[in-house]
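Predicted coordinates and the sequence they were generated for:
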Amino acid sequence: MAISKQQKEELVEQYKKWLKESDGLILTHYHGLSVKAIGDLRRDIRESGGEFHIIKNTLAKLAFEESGREWKENVFIGPTALGISYQNPTGLAKAIKDFSKKFGTIEIKSGYLAERLMTVEEIVALAELPSMETMRAKLLSTILAPASQLVRTLAEPGRQVAAVIKSYSEKEQAV
């Protein structure tokens, strides 16, 4: 079904809004996906703070041009969907990569991290990074390690004195 010129303009504006507000984008080629599968992928991406939309290639190309974004050749050919991250580009990449591994019906074409055009290899590497929660936990443990070691060091002489006193008291009770 053909869409009106006004609807096309609205779609281009929506695409430009997504480009402006996102901190990560992934352009994908999809094929043979059921409505349920797309719904599952959208749910996984939504849980990571993003969205997943089927886009019109010619209108998306126009939005990219008007936004001053470059793209790789042949990205806007065939069925194209756009994964958008607003707060967690790693989570978006991970959700798409995991879905692709599970179903094999979606292929990463290209993407952006903020304004930077990324290769497929870079997106896959981004997907393999630990989650934000894991990174925070590791950072916190690294920061706290010296403090906990200091506490153990300061407490050790007191523990040793207590052990000596306990040893003498047990020795006296045995006599």
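Here it is on my side, so go on.

Quick check: can you list the domain ranges of this structure?
The chain breaks down by automatic domain parsing into domains covering 5-129, 131-175.

per-residue confidence averaged over the shortest one?
Think domain 131-175. The predicted model gives domain 131-175 an average pLDDT of 76.

where among the domains of the chain is the average confidence lowest?
The stretch with the lowest mean pLDDT among the domains of the chain is domain 131-175, at a mean of 76.

What distance do you get for the closest residue to residue 48 other than its chain neighbours to residue 148?
Closest residue in space to residue 48, ignoring its immediate chain neighbours: residue 91 at 2.8 Å, by Cβ to Cβ, 6 or more residues apart in numbering. Placement of C-beta: from N, CA and C, glycine included. From residue 91 across to residue 148, the span is 30 Å (Cβ to Cβ, to the nearest Å).

circling back to that earlier point, out of the domains of the chain, indicate the one that is most buried.
Among those, domain 5-129 has the highest mean neighbour count (mean count of other Cβ atoms under 10 Å), at a mean of 17.

What is the end-to-end distance of that one?
With Cα to Cα, to the nearest Å as the measure, the ends of domain 5-129 fall 42 Å from one another.

need the strands for the chain, in chain order.
With DSSP state E as the criterion, the chain has strands at 24-30, 50-55, 80-85, 106-113, 116-118.

how about the ones you listed in JSON lines, adding distance to residue 14?
Conversion of the strands of the chain to JSON lines gives the following (distance: least, Cβ to Cβ, whole Å):
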{"stretch": "strand 24-30", "distance to residue 14": "14"}
{"stretch": "strand 50-55", "distance to residue 14": "9"}
{"stretch": "strand 80-85", "distance to residue 14": "11"}
{"stretch": "strand 106-113", "distance to residue 14": "17"}
{"stretch": "strand 116-118", "distance to residue 14": "21"}
